[in-house]
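Colleague: Next one to model:
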Amino acid sequence: MNERDEFSSRKITPQPGVYVFRDRFAKVIYVGKAKSLRKRLSSYFQASRLATADPKLRSLINSIAFYETYEVNSESEALLLESRFIKEYSPHYNILMRDDKNFYLVKVTLNEPYPRLLLTRVRKDDNSAYFGPFPCSSAIRSTVDFLTRYFKLRTCTSRIPDLSDRKHCKEQILRNCSAPCDQSVSQEQYRESVDDMIKVLDGHIAEIVADLTEAMQNHVEKLQFEKAALNRDIITNLKSSLKQRRNFVNASINPEHKEDPVADLKKRLELKDSPTIIECFDNSNFQGTHAVASMVRFVKGKPDNKSYRHFKIKTVEGPDDFASMKEIVLRRYSRLLKENRPLPDLILIDGGKGQLSSALQSLDALGIGEIPCYGLAKKYELLYSRDDSEGKILPRSSAGLKMLQHLRDESHRFAITFHRKLRQKQVANSLLDDIAGIGKKRKMTLLKHFGSVREIRKASPQDIADAVPGLGEKCAHLILDHLKKN
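Modeller: This is a model prediction of the structure:
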C-alpha cells in the first residue's frame with residue numbers, strides 16, 4: 001500500500017493491471033483497470049487534472065489516501081480482476097457492474113445425481129462448481145458444447161432422467177450421451193466422466209488437445225478438410241478459454257491482510273494449539289469391490305503432496321465405510337507411533353457421525369484420543385466432534401472452512417483416482433479373459449505391448465497379430481470385435 005503524497009510514476013510498472021484507491025479509513029473507494037498502470041495513475045495525480053475534472057472525479061481524487069496496484073499479464077486479465085474486485089467491495093465511486101450483463105461462467109451442477117454442464121452469468125450458493133468468468137462468449141459456448149459431447153454428458157433438464165425423458169431425445173443427442181436415463185451408465189461411472197471434465201475446466205487440456213490434434217492430422221491425410229478445420233477450431237477455443245491462467249476467485253485486494261486459514265480455524269474451533277499439520281481421510285468403493293482409502297496432509301494451510309497416502313482395505317469384507325475408516329486410521333497412526341514420527345495437530349474425517357466415531361475408536365485404542373478430530377459432513381458442511389454430536393456450522397466465507405473443504409475435496413479426489421486405476425485394471429483383465437483363445441500368457445503379452453485395452457481397441461488386426469506370435473489375424477479380428485462390443 002502506498003501513500004498518495006509519495007506518488008512517483010517511476011515506481012509503478014508500465015504493464016497492464018488493476019489499481020485500487022482507498023480513503024483515509026483504508027476503505028476501498030474505487031477500482032480501475034489500465035493498459036499501462038504508470039500512465040493511468042499519473043493522470044490522476046496531475047494538478048491540471050484536479051482543476052479540470054468534473055465534480056465526481058474531483059471528489060474521488062480528494063478522497064484518495066492510499067493506492068495499490070496489481071500487475072497482470074494482459075488487458076483481459078485486468079478486466080476480469082477489476083470485475084472481481086468491484087463485485088466484492090462495491091466501491092462508492094464505481095458504477096457497479098451488473099451480473100446479468102457480465103461474462104459467462106461455466107457451471108457444473110454437482111448438486112444433481114447426474115451433473116450437467118451449463119453457462120450462466122450469476123454465481124449462486126447452490127453446491128455447484130463454477131469456473132470463469134470467460135470474456136469470449138462465442139469461444140466458451142463452443143467449448144461447453146464440445147465438452148458435453150466429448151464426455152457424453154446429458155443435456156436434459158430432469159434432476160434424475162428416466163425413460164420418459166429418453167422419448168424426447170433426438171438421435172443426434174442420444175449418440176453423444178451416455179444415457180443415464182436407461183441406465184446405460186452407472187452413477188459412479190458418470191461421475192468419473194464429470195471428474196475428468198472438471199480437470200479440463202481447471203486448465204489441464206494437454207491430453208484432450210493431443211487427441212484432437214491427432215484426429216485433425218488423420219482427417220488431413222484422408223483429405224477431409226472440413227472435419228480437420230472443425231478439430232482445429234475446437235483446439236483454438238479450448239486454448240483460448242481453458243488454458244491454465246491466473247485464477248482470481250480467491251484474490252484478496254490487500255494480500256498483507258489476507259486471512260490466515262490456520263489461525264481462523266484455531267479461533268473458530270477454540271483449539272488449544274494451532275492446527276499447523278492437518279490430515280484428512282476418505283473411503284472409496286464401488287458396489288463393495290476394490291475398497292480403498294486415502295490420506296492427504298496439509299501443512300500451514302497448503303497441500304503436502306509428498307505425504308499423501310493410498311490404502312487398500314485389508315480386514316473389511318463388503319462395503320462398510322465405518323469399519324474401513326477404523327482400519328485405515330488405526331494403520332496410519334500405528335505406523336507413525338512405531339516409527340516415532342510427528343502426529344498431526346488435527347484430524348479430519350470425510351463423513352458424518354458414523355465415520356467420526358469409527359476414527360475415534362482407533363485413536364482411543366492407540367492412546368492418542370487427545371488429538372482434535374472432526375467429521376465434515378457434506379450436507380450443510382456440519383463439523384462433528386467428540387464433544388459436539390449436534391454439529392458446528394462455520395461461516396461459509398471463513399478461511400478455516402474453505403481450507404477444510406479443500407482438504408476434504410483433495411482426499412476424495414485422491415481416493416477416487418486410486419480406485420479408478422484399480423477398476424480399470426480389473427476391467428482390462430476381465431475383458432480379455434472373456435475372449436476364447438486368449439490365455440493368461442497372450443493376455444499379458446497384449447497388455448505389455450499396447451499398454452492398455454484402450455490402445456488395443458485402436459490397433460488394427462494386423463498390429464494385434466504381429467504383437468502376439470502365433471495369434472493369427474482371424475483371432476485378432478475376434479479380439480477387436482469383442483472389445484468394441486464391450
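Colleague: domains for this structure, by residue range?
Modeller: What automatic domain parsing lists as the domains of the chain is 2-97, 104-242, 261-420, 434-485.
Colleague: could you list every residue that touches I64?
Modeller: By C-beta atoms under 8 Å, 6 or more residues apart in numbering, the contact list for I64 reads R4, F21, R22, D23, I29, Y30, Y44. Using the backbone N, CA and C atoms, a C-beta is placed for each residue, glycine as well.
Colleague: And the pLDDT for C280?
Modeller: At C280, the predicted lDDT confidence score is 95.
Colleague: so it is in which element?
Modeller: C280 is located in strand 277-286, with elements delineated by DSSP states H and E.
Colleague: Check which element follows that strand along the chain.
Modeller: In N-to-C order, the element after strand 277-286 by DSSP H and E is strand 289-299.
Colleague: about what we covered before: partner strands of the strand holding C280, with direction?
Modeller: Its sheet considered, strand 277-286 pairs with strand 289-299 (antiparallel), strand 346-350 (parallel) by DSSP bridges.
Colleague: CSV please, covering those and showing distance to I208, mean neighbour count and mean pLDDT.
Modeller: Converted to CSV, these look like this (distance: least, C-beta to C-beta, whole Å; neighbours: other C-beta atoms under 10 Å; pLDDT from 0 to 100):
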stretch, distance to I208, mean neighbour count, mean pLDDT
strand 289-299, 26, 22, 82
strand 346-350, 29, 26, 94
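Colleague: So which of those is nearest F322?
Modeller: Taking C-beta to C-beta as the criterion, F322 comes closest to strand 346-350 out of the strands paired with strand 277-286, the separation being 10.7 Å.
Colleague: which residues sit against that closest one?
Modeller: 265, 271, 275, 277-283, 325, 329, 355-356, 359, 363, 371-376, 404, 407-408, 411-412.
Colleague: Just the residues contacting the next helix or strand after that strand, thanks.
Modeller: Per DSSP H and E, strand 346-350 leads on to helix 353-365 as the next helix or strand towards the C-terminus. By C-beta under 8 Å, 6+ apart, the list of residues contacting helix 353-365 from outside reads 281, 283, 321-323, 325-327, 329-330, 333, 347, 349, 369, 371, 373-375, 384-386, 389.
Colleague: what pairs with the next helix or strand after helix 353-365, and is each one parallel or antiparallel?
Modeller: From helix 353-365 onward toward the C-terminus, using DSSP H and E, the following helix or strand is strand 373-377. Partner strands for strand 373-377, per DSSP bridges, with pairing direction: strand 346-350 (parallel), strand 382-385 (antiparallel).
Colleague: Could I get the buried residue list for stretch 478-486?
Modeller: By neighbour count on 16 or more other C-beta atoms under 10 Å, the buried set for stretch 478-486 is L478, I479, L480, L483.
Colleague: Include pLDDT, secondary structure and distance to P342 when you put those into a markdown table, please.
Modeller: Listed next are the buried residues of stretch 478-486 as a markdown table, based on pLDDT from 0 to 100; DSSP: H, G, I helix; E, B strand; the rest coil; distance: C-beta to C-beta, whole Å:
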| residue | pLDDT | secondary structure | distance to P342 |
| --- | --- | --- | --- |
| L478 | 79 | helix | 57 |
| I479 | 80 | helix | 52 |
| L480 | 79 | helix | 54 |
| L483 | 75 | helix | 49 |
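Colleague: Mean confidence (pLDDT) on stretch 168-175, please.
Modeller: This predicted structure assigns stretch 168-175 an average pLDDT of 67.
Colleague: Stretch 185-205 too?
Modeller: pLDDT averaged over stretch 185-205 gives 84.
Colleague: Report the buried residues of that stretch.
Modeller: Of all the residues in stretch 185-205, those buried under the rule 16+ other C-beta under 10 Å are V185, Y190, R191, E192, S193, V194, D195, M197, I198, V200, L201, I205.
Colleague: would you turn those into CSV with secondary structure and distance to I86?
Modeller: Shown next, in CSV, are the buried residues of stretch 185-205 (DSSP: H, G, I helix; E, B strand; the rest coil; distance: C-beta to C-beta, whole Å):
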residue, secondary structure, distance to I86
V185, coil, 42
Y190, helix, 38
R191, helix, 36
E192, helix, 38
S193, helix, 36
V194, helix, 32
D195, helix, 33
M197, helix, 30
I198, helix, 28
V200, helix, 29
L201, helix, 24
I205, coil, 29
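Colleague: re earlier: winner for burial among the domains of the chain?
Modeller: Mean neighbour counts were compared across the domains of the chain using mean count of other C-beta atoms under 10 Å; the top stretch is domain 261-420, at a mean of 18.
Colleague: That domain: how far from the chain's middle?
Modeller: 20 Å (C-alpha atoms, centre = their mean, to the nearest Å).
Colleague: Test my guess that G472 contacts A465.
Modeller: Yes. The pair G472 / A465 is scored as a contact, 5.9 Å apart, by C-beta atoms under 8 Å.
Colleague: Can you spell out which helices and strands pack onto the helix or strand hosting A139?
Modeller: Under the criterion DSSP H and E, the helix or strand holding A139 is helix 137-150. Contacts of helix 137-150 with other secondary structure elements, assessed using 3 or more C-beta pairs under 8 Å, 6 or more residues apart in numbering; DSSP states H and E, are made with strand 104-108, strand 117-120, helix 187-201, helix 225-242.
Colleague: what about these, which gets the closest to A215?
Modeller: The nearest among those, by C-beta to C-beta, is helix 225-242 at 5.4 Å.
Colleague: name the helices or strands packed onto the closest one?
Modeller: Helices and strands touching helix 225-242, by 3+ C-beta pairs under 8 Å, 6+ apart, are helix 137-150, helix 187-201, helix 206-221.
Colleague: Just the CA atoms of the shortest one, as CSV, please.
Modeller: Output of helix 137-150 as CSV, limited to C-alpha atoms (Å, rounded to 0.1, in the frame of the first residue of the first chain):
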residue,chain,number,x,y,z
SER,A,137,-18.7,-15.8,-25.2
SER,A,138,-18.5,-17.5,-28.5
ALA,A,139,-15.4,-19.5,-27.6
ILE,A,140,-16.8,-20.7,-24.3
ARG,A,141,-20.2,-21.6,-25.8
SER,A,142,-18.4,-23.8,-28.4
THR,A,143,-16.2,-25.2,-25.8
VAL,A,144,-19.1,-26.2,-23.5
ASP,A,145,-20.9,-27.8,-26.4
PHE,A,146,-17.8,-29.8,-27.3
LEU,A,147,-17.1,-30.9,-23.7
THR,A,148,-20.7,-32.0,-23.2
ARG,A,149,-20.4,-34.3,-26.3
TYR,A,150,-16.8,-35.4,-25.6
